[in-house]
Every structure is written in C-alpha cells, then in structure tokens.
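Enquirer: heads up, no residue letters with this:
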C-alpha cells in the first residue's frame, strides 16, 4: 500500500497566531514537524498543505514539498482531501503541523491497523493515551474518547467522558491525540459530507465521521506529545527540545 503523510498547516490560529512559524530551537515549528515525519521513514512521501505563502516558502526553500490550497477550508481533513484528490495513494496520514515531536513506534502501530484489516472494516485510525490527572480530564482543550470493546470510537468530547457517577467504579479516561490514518476513500467521502449538529457543537471534525457511520479504530500509545496551541506550549516544547 502506498502511504503518504500530509501536514495541514493554517497560518491563522485563534489562540496563537502564526504559531507554525515560531522559532523552536533554530527552526520553525512547521519545519521541525516536516522533518520529524520524514525521519520516521514510514512514508512514501510527505507534504505540507497550506493556505499561506509564508509557510509554503518556509518548506520549499529548505527542499521540502508543499501544496497551496486552492480554496478556504473549515477543517484539516477538508484541506487534505483537496490536496490528495488526484494522487494515487492508499493510506493518508494526517500529521498535525503543531506536533513537532513525532514518535515512530506509535505511527507504526497506527499504520499496522490497515495491514491486518483484511475485511476493510476500518475507515480511519487514530491514537489515544490514558490520562489520570483531574485537570487534564476536565480541560476542554483535551479531547476525550470512549471506545467499544473492540477499540472502535463511540464518541469524542471536550467534556469528561465517561461521567463517573459512582466514585467506586474507577473510570478510565483517554485523551485523543490528533494524528489520523485514513483510507483515501474515507477522507474523500468526508469532504463531501455536510457538518451536522455534533461536529458543530463540539467543534470536532472527527464527529462527522461517526455521525455518518464511518468506523474509527483507536490505537493506544504511551507517548505524550506536546501540541503547540499557546505561547506556554511553545516554551514547554523549547525545554523538551
């Protein structure tokens, strides 16, 4: 199967404008993310797809591959769908542009889902990590996911799910890590589907897949990455680097 990584990269950001062009140890955040994807050696090709000439020039000037979006998009998945529409690929991995600390083992296990899925029951796969800290569980910026007994996502929410009614029960909480691997057809289908009430309410594009019956296989990881959403996150990333 031909597998590529696509990094959707918007210039604008509500909480941290131009965050992808911020300096992270002598390189921009987006350049570090691109290089991290390349260094995994898991992909036949890696592209940044962007609405910004600044980001486009940042990648291409250093020998990387970038694609300019032809129109505005509501979500990263829509941006990727436009970019890969005419590509001959089987699996498309959506790597978040603000996740510069990519880890090969988790990505490898994510991709393995498709090599063992003979019946093609999986439309897309994504990562999750168990969290125990109450502040993390209650933080709406941390998206939580619950699955069925086979590891397929039942629901994603910014609220703590499941609700722990009985203190003796000991509920487990899993944070969704926004790295996706799609069958190409799944992401093309996504781009033609309307936004429905759940996605509009939670502002979570993965709910569009669930609302229209797509199956999302969740893969556990123990690797906690740093997503750069705020200036404080950038400082944490600099210390990690």
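Expert: Everything's here; your move. Keep in mind that what you see is a predicted model, and the values were worked out from it rather than measured.
Enquirer: Flag the helix or strand of the chain with the lowest per-element mean pLDDT.
Expert: Within the chain, no helix or strand scores below helix 231-240, which has a mean of 85 by mean pLDDT, DSSP states H and E.
Enquirer: Give the burial count for residue 223, as a bare number.
Expert: Under the neighbour criterion other CB atoms under 10 Å, residue 223 is assigned a count of 14. From N, CA and C alone the C-beta is placed, and that goes for glycine too.
Enquirer: ah, wrong one, I meant residue 139
Expert: Using other CB under 10 Å, residue 139 has 15 other residues around it.
Enquirer: just the one 4 residues further on next, same as before
Expert: Other residues near residue 143 come to 21 when the count uses other CB under 10 Å.
Enquirer: and if you look at residue 133?
Expert: Count around residue 133 with other CB under 10 Å applied: 10.
Enquirer: Report pLDDT for it.
Expert: The predicted local distance difference test score for residue 133 is 93.
Enquirer: From the chain's centroid, how far away is stretch 146-153?
Expert: 18 Å (CA atoms, centre = their mean, to the nearest Å).
Enquirer: where does the protein have low pLDDT?
Expert: Confidence mapping of the chain against pLDDT under 70 gives the ranges 14-15, 118-119.
Enquirer: where do the helices sit along it?
Expert: Counting by DSSP state H, residue ranges of the helices within the chain are 29-39, 53-60, 76-84, 104-115, 134-138, 184-191, 197-202, 206-211, 231-240.
Enquirer: Could you pull up the residues touching the nearest residue to residue 64 once chain neighbours are set aside?
Expert: Leaving aside its chain neighbours, residue 64 sits nearest to residue 34 (5.3 Å; criterion: CB to CB, 6 or more residues apart in numbering). Taking CB atoms under 8 Å, 6 or more residues apart in numbering, we find residue 34 in contact with 7, 46, 48, 59, 64.
Enquirer: Likewise for residue 129?
Expert: Contacts of residue 129 by CB under 8 Å, 6+ apart are 174-175, 177, 220-224.
Enquirer: Please repeat the previous calculation with a cut-off of 6 Å.
Expert: Contacts of residue 129 were listed using CB atoms under 6 Å, 6 or more residues apart in numbering, and they are 175, 221, 224.
Enquirer: okay, now the residue nearest to residue 85 when sequence neighbours are not counted: neighbour count?
Expert: Sequence neighbours aside, residue 188 is the residue nearest to residue 85 in space, at 6.8 Å (criterion: CB to CB, 6+ apart). Using other CB under 10 Å, the number of residues around residue 188 comes to 16.
Enquirer: ok, residue 188 to residue 81 distance?
Expert: Residue 188 sits at a distance of 6 Å from residue 81 (criterion: CB to CB, to the nearest Å).
Enquirer: didn't residue 8 look like it was pressed against residue 81?
Expert: No - proximity of residue 8 to residue 81 does not meet the contact threshold set by CB atoms under 6 Å, at 10.2 Å.
Enquirer: on that earlier part again, tabulate the helices of the chain (a markdown table), appending distance to residue 17.
Expert: Output for the helices of the chain, formatted as a markdown table (distance: least, CB to CB, whole Å):
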| stretch | distance to residue 17 |
| --- | --- |
| helix 29-39 | 13 |
| helix 53-60 | 12 |
| helix 76-84 | 17 |
| helix 104-115 | 29 |
| helix 134-138 | 25 |
| helix 184-191 | 26 |
| helix 197-202 | 23 |
| helix 206-211 | 25 |
| helix 231-240 | 10 |
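Enquirer: I'd like to know which elements the strand ranked longest in the chain is packed against.
Expert: Residue-count comparison of every strand in the chain, with assignments taken from DSSP state E, identifies strand 173-183 as the longest. Using 3 or more CB pairs under 6 Å, 6 or more residues apart in numbering; DSSP states H and E as the contact criterion, the elements in contact with strand 173-183 are strand 91-94, strand 124-131, strand 144-147.
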